[in-house]
Structures are given as structure tokens and as C-alpha cells.
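Model the structure of this input:
(chains A and B)
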Amino acid sequence: MSIQNNSGVTVADVMLGLEICPVASERVIVKEVLESMDEHRLGVVCITDDEGKLSGILTEGDMRRVLLRVQKPLAALMADDVGMHAMASPKTTQPDTLLADAVTMMGNLRVWDLPVVDAENKLVGLLHLHQAIMGFMSR
Amino acid sequence: MTSKTIKLTSPHFNDIEIGAGKDLVLIAGPCAIETRDHSMRMAEMIGQVCDKLGVRWIFKACYDKDCRSSPASFHGLGLHEGLQILSDVRDAHGVPVTSDFSDPSWGAATGEVCDMVQVPAYLCRQTSMLRAAAETGKPIHLKKGQFMSPWNMKNSCRKLEAFGNDQILLTDRGTFFGYNMLVNDMRCFPIMQETGYPVCYDATHSIQLPTSMGNISGGQREYIPHLTRAAAACGIEALFMEVHDDPPNALSDANTVLDFKYFEVVLAQAKAMHEMRQELREKWGEDNVHPE
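Next comes the predicted model:
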């Protein structure tokens, strides 16, 4: 999949700020992470370390696979640290990346969201497909 | 998972460490401080066996038994007299001492005397208790409530950490299985070890039949040896036992305390099982059967 880049729009122009994204440390329990995803109406949570660097993500798809795979009681799963189930080293994009390139990447990966990090891997936002499409439509 | 080692330090005794790869540490004594002489005698008797077996130990006896089922039951000598006796035991025998406390306002005084403070199982999730325990600055012996799942003990650990104390020993003392009955779920130990803190098995309260005798608790102490060996094989780092030289006349937990005449054989087997577990770990590595 590819999108013709004729807009000049970058990821920074349309990404969601951290204040409206689910973000958690590795030691937050699964139950609280799910609540945060629900509150923000997003299907992904970004996991960060003490310095705010991205260490992993957990998506609704990951959670679906966890539910199908893990045999422990649901109450025990809810009390797990999210770091136990998050995917380490997720694919990311950068704020100055052209939106067309980032959306092409999302299409190739078949994902709805991409964490946005700076040069030091510090989480700065989240690129969500809805906002990306609206970014194109508004130009 | 990083495994923490907790350390008891005092000029009165050589440091005691509890953690993975360390020797099994015993916490033992009569349930309650009955008299000064009795505490001294039990410390002498337990200490002799521990010296013989080469087991480091902590003397445990409580000054206030606040969870008795009956108002007629022995409640304890009280904070000041009890703590003085514990201090005397440590001075006389060079052994660290510990007691639980059941009211947050007793925490500071308990921590001033005791080398480790114990949070009772029934109070293991009470924020005010956990704050008081943490603020003593002493290692904390936190018992898993009989009503608690092992994975939820992480919440109490996180509270203690938030209050500035990460010297925690987690103990299983049985889990309610219907009314008046406890069982030991041996999965408790590896699950609680996931917190990163060392774990302990309470061999005598685990065989308790809570309030099974109307207004006091019964117990099936014939199973103490079996369950103790099983817990040691699971990889506990400490063992807790209440020991008495005259159980029928014990003033607290008469139906569960271990008669001193059985103490050596139970402890010797626990130590042997612990050492075997260490040898197996060295030979075969950590348990690594993947859950999925």
C-alpha cells in the first residue's frame, strides 16, 4: 500500500498529544490499563520507563491474544503488571515524518496506531488512523 | 524478576539475610508473651536446637493478641511490658526479636524495639497499618490474609513501597476453604515471589481450623511436618513456627502451636529440604516451564 505524498503534512500535525493518550509504566496493572484505554477510547496503551522513553505497547489485539492464551484466573490476569504482556520494541514513527510515509507504514503493518517518539525514543504522541485520514481530507 | 534480600541488622547480633540463595531462616517462639520467664525459657530451648542445626532464627512472640474470638481469651501482656520482655530476650540470647502489632498507633514503639515488625494477616491490606509498619524503617513481615489471593498481595507491597519501605517478607498462613477451614495452595510461593520479595511459610497457623470450636480455633497439627516439607520444596526462604513447651496450657493458639518435643525433627527436615532445593536449583537451574 502506498499513498501519494502531495500534502506536506507531517506526523506532528495530526498526532494525538500525550494528554489524550493512554500511557502507563510497566508496573501499572492490566485492569488499570484497560480502564485507561476505555477512558481514552483508544485500543492501544504506550508503555514508558521512568524517563518517558517508550519500552513497549499493548493493543486490544494483544489483549485478545492474551485472553485466548493465558490460563490463569481472570482476577490474576487483571492484577498482572502490564509489562508482563506488552510487546517490547514496537514499531514507531517520528514527528517530522511525512504523514503519507507513516500511513503507508501503518498499512503495511496492518495497525491502527503508531507511537511517535523523538530521537531519544522518548514518547511524544500517538498517530491514530482516524486523525491521519482527517489530516489528508482537510488538505 | 529481581529477587530482593531483606536484612536484619543490629549491634546485638550478626546480620541475618533472608532471600533467594540464602540459608533458610526460622521465625519461632510462643504465640504470645506469657511471662518473662516463659519467653526466656522458650528462647533458650529454641536457640539450642537452632545452634545444633546451624539455623539462624528470629524470636517471635506477641504482646497483644487482638484477634481472639472470645473476650475471655488471653489478650496479652500489653505494649510496654511485652516490648520490655522482647528487649530482654534479645539482650540475654543475642537473637533478633519480632512481634506483630494490631493498631497503627503501636507501630512506632514496636519498631523501636523489634528487629522486624509483623503485620497480622487479617490486617494485611489496611493502609494505616501498612503505613505504620513502613514508617518503622524495619523489615516487615507481611502475612497474606486468609481471604487474599497471592497475586493481590502485590497491592500491599506497593503500598509499603509507596510509604518508603521495600524490606518485605511475604508469608502464607493458609487460605480459607469454606468456613472454619484453611488449605495451603502451594502455588502461593512462586506467585508471591513474582513480587520480587522473599517468601515464608507459616507452618503452625496454616493447620488452624479458624474458630472451629465455638469461640476458639482448633487445629490439625499432625499435618505440620507434611506441609512444611512441601513448602520447603517449593522454595521458601523463611519458615515460621509457633513453638510451645506445654501446648495444652498455652495461653494462645493452644490447638496449633507445635509441641517443642517435635520441633527439632520438623526443623531439621525443613532445613534438609531447603538445602536439597538449593542443590537442585544449582544443578538444573530455575524452574522454567513456560505457562503457555
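
Could you list the low-confidence segments of the chain?
No chain specified, so I'll use chain A. Residues of chain A that meet the criterion pLDDT under 70 lie in A:1-7, A:139.

wait, chain B
B:1-2.

and it, which of its residues are near chain A?
Where chain B comes near chain A, counting by C-beta under 8 Å from any C-beta of the partner chain, the residues are B:Ser149, B:Trp151, B:Asn152, B:Lys154, B:Asn155, B:Arg158, B:Ile191, B:Pro291, B:Glu292. From N, CA and C alone the C-beta is placed, and that goes for glycine too.

which residues touch B:Cys31?
B:Ala61, B:Cys62, B:Lys65, B:Glu242, B:His244, B:Ala250, B:Leu251, B:Ser252, B:Asp253, B:Val257 (C-beta atoms under 8 Å, 6 or more residues apart in numbering or on different chains).

cool, and A:Val44?
Neighbouring residues of A:Val44 by C-beta under 8 Å, 6+ apart: A:Pro22, A:Met37, A:Ile57, A:Leu58, A:Thr59, A:Glu60, A:Trp112, A:Asp113, A:Leu126.

contacting residues for A:Ala75?
Counting by C-beta under 8 Å, 6+ apart, A:Ala75 has contacts B:Ser149, B:Trp151, B:Asn152.

Looking at chain B, which residue is nearest chain A?
Nearest residue of chain B to chain A: B:Trp151, at 4.5 Å (C-beta to the nearest C-beta).

in what helix or strand does the residue nearest the centre of chain B lie?
The centre of chain B sits closest to B:Phe240, judged by C-alpha atoms, centre = their mean, with a distance of 4.1 Å. Take DSSP states H and E as the rule and B:Phe240 turns out to sit in strand B:238-244.

Which pair of the residues of chain B next to chain A spans the longest distance?
Longest distance between any two of those is 26.1 Å, between B:Arg158 and B:Glu292; criterion C-beta to C-beta.

Between those two, which is the more surrounded one?
Comparing B:Arg158 with B:Glu292 by other C-beta atoms under 10 Å in any protein chain shown, the one with more neighbours is B:Arg158, at 14 against 7.

Please enumerate the helices of the chain.
Just going to use chain A. With DSSP state H, the ranges of helices along chain A come out as A:11-14, A:30-40, A:60-69, A:74-79, A:99-109, A:129-137.

Hmm, no, I was thinking of chain B.
Under DSSP H, chain B gives helices at B:36-53, B:79-93, B:107-113, B:127-135, B:153-162, B:188-193, B:224-234, B:260-284.

on contacts alone, who are the packing partners of the first one?
Other helices and strands packing on helix B:36-53, by 3 or more C-beta pairs under 8 Å, 6 or more residues apart in numbering or on different chains; DSSP states H and E, are strand B:25-29, strand B:57-60, helix B:79-93, strand B:238-244, helix B:260-284.

and A:Phe136, how far is that from B:Glu264?
To B:Glu264, A:Phe136 is 80 Å away according to C-beta to C-beta, to the nearest Å.
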